[in-house]
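In: build me a model:
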Amino acid sequence: MTLMLALSLEEIYVVVQVVKDPSTGTPMYKVAVASREGVPEYGPRLPDPPLFPMNHVFRDFILKKGSPLHTPHHNTTLTT
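Out: Prediction:
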């Protein structure tokens, strides 16, 4: 199964695929990130290899990568 998230605000694409860890056979998420030309890179960076366990580590990565508040070039003001 492959899932693609398109974050249109910055035109970032995150592709998530369920794979088995080659050393243990444990199911993991394999992640690829792409963006259109001209969109600056921002963190968090993908680990090498880009494999995540099926737990909070993956969830935290996706939330940080997908949040426009984590982009250093994005001006957002929060009000209460």
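
In: quick one: the strands in the chain?
Out: 2-7, 12-20, 27-35, 51-53 (DSSP state E).

In: out of the ones you listed, nearest to residue 41?
Out: strand 27-35 (7.8 Å; Cβ to Cβ). (Each C-beta comes from the backbone N, C-alpha and C, glycine too.)

In: state the distance from residue 33 to residue 51.
Out: 14 Å (Cβ to Cβ, to the nearest Å).

In: oh sorry, the question was meant for residue 12
Out: Taken as Cβ to Cβ, the span from residue 12 to residue 51 is 20 Å.

In: which residue of the two possesses the greater neighbour count?
Out: residue 12 (20 against 17; other Cβ atoms under 10 Å).

In: you'd agree the more buried one is up against residue 39?
Out: Yes. With contact defined as Cβ atoms under 8 Å, residue 12 counts as touching residue 39 (6.6 Å).

In: if you average pLDDT over stretch 30-44, what comes out?
Out: Stretch 30-44 shows a mean pLDDT of 82.
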